[in-house]
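J.: Can you look at this prediction? I've put the sequence above it.
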Amino acid sequence: MTEVTTLVPGDAAEDHGYRPAPPGVRANMIFSADASAAFGGRAGPLSCPTDYRLLLALRAYADVVLVGAGTARAEGYGPVRLRAEHRAQRRELGLGDDPPPIAVVSRSGRLPETLFDSPVRPILVTSATGRTDEPRCDVIVSGDDTVDIAHAIGELKRRGMHRILCEGGPTLLDELVTADLVDELCVTLAPRLAGHQPVGRSAPAGLTEPTDMTLERLLVDPGGFLYLRYARS
């Protein structure tokens, strides 16, 4: 049965069933009410302070944060920086004091310079034809001409990163869905109209039918935002 909770002022969405993170791939996405994943090429304009705080908390519960290169560049990704309360929760979960690394899926093998301002080395996930000589990051080579996302997820797990948080964008989410790798999906539904945005594909290639998910929790924000957590049926 779906648990439905109405948030009150000052209530933190992350205190309602998001920790610990499940083993496997947890995806976190935001969509407008008319189903756009971005506005002006970025997800930021769709967000709100509660959603942003939830994003930071979900990172604290993960072993690694996975993101596509296009999203990393558009959103100006830097290394994960934890707030004091999220750092304490991370310690309680037995994940240590260090924040999780950012793993970027990049066909070219190039990472934004903003990711290198941290003692935690970022991870480059690329193909054999991508650039792999960047000494400031760890490298996972998956696939020949394009990134084999299933192999990449397997490599992250083999390196001890079993709780993988994917923050998109839509193209990377499509690839994970097509490879049947999404174990949990956290969706923020924003009370905004964004119009058609040219991001992602119209449908994941290779799917013969939709994958069923179970809505386990729904949080209702008085400001109109909805927070939904789906798990594999």
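T.: Yep, that arrived.
J.: what does the top helix by length along the chain contact?
T.: Longest helix in the chain by number of residues (criterion: DSSP state H): helix 49-60. The contact list for helix 49-60, computed with CB atoms under 8 Å, 6 or more residues apart in numbering, reads 7, 12-14, 18-19, 21, 26, 28, 30, 47, 65, 80, 82-83, 86-87, 89-90, 95, 99-100, 165, 167, 186, 188, 190, 221, 223, 225, 227. In short, each C-beta sits where N, CA and C put it, glycine included.
J.: before we move on, what about stretch 131-144?
T.: 101, 103, 108-111, 115-116, 121-130, 148-149, 151-152, 155-156.
J.: Which ones among those residues lie within strands?
T.: Of the contacts of stretch 131-144, the ones assigned to strands by DSSP state E are 103, 123-126.
J.: what about the closest residue to residue 99 other than its chain neighbours, neighbour count?
T.: Of all residues beyond its chain neighbours, the one nearest residue 99 is residue 80 (4.0 Å), with distances taken as CB to CB, 6 or more residues apart in numbering. Counted with other CB atoms under 10 Å, the neighbours of residue 80 add up to 21.
J.: Pull the contacting residues for residue 80.
T.: So residue 80 contacts 59, 65, 99-102, 118, 120 (CB under 8 Å, 6+ apart).
J.: Now rank those residues by neighbours and give me the top one.
T.: Busiest of these [other CB under 10 Å] is residue 102, holding 27 neighbours.
J.: how about that one, what does it touch?
T.: Contacts of residue 102 (CB under 8 Å, 6+ apart): 64-65, 67, 72, 77, 79-80, 115, 122-123.
J.: Looking at these, which are in helices?
T.: Applying DSSP H to those, the entries found in helices are residue 72.
J.: Report the buried members of the contacts of residue 102.
T.: Burial by neighbour count, 16 or more other CB atoms under 10 Å: within the contacts of residue 102 this picks out 64-65, 67, 72, 77, 79-80, 115, 122-123.
J.: Quick one: the helices in this structure, in order.
T.: Using DSSP H, helices in the chain cover 49-60, 69-74, 84-92, 149-158, 170-178.
J.: As JSON lines, those with distance to residue 213 would be great.
T.: Below are the helices of the chain laid out as JSON lines (distance: least, CB to CB, whole Å):
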{"stretch": "helix 49-60", "distance to residue 213": "17"}
{"stretch": "helix 69-74", "distance to residue 213": "22"}
{"stretch": "helix 84-92", "distance to residue 213": "26"}
{"stretch": "helix 149-158", "distance to residue 213": "18"}
{"stretch": "helix 170-178", "distance to residue 213": "10"}
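J.: pLDDT score assigned to residue 131?
T.: Reported pLDDT at residue 131 in the predicted model: 80.
J.: From residue 152, how far out is it?
T.: Counting by CB to CB, to the nearest Å, the gap between residue 131 and residue 152 amounts to 16 Å.
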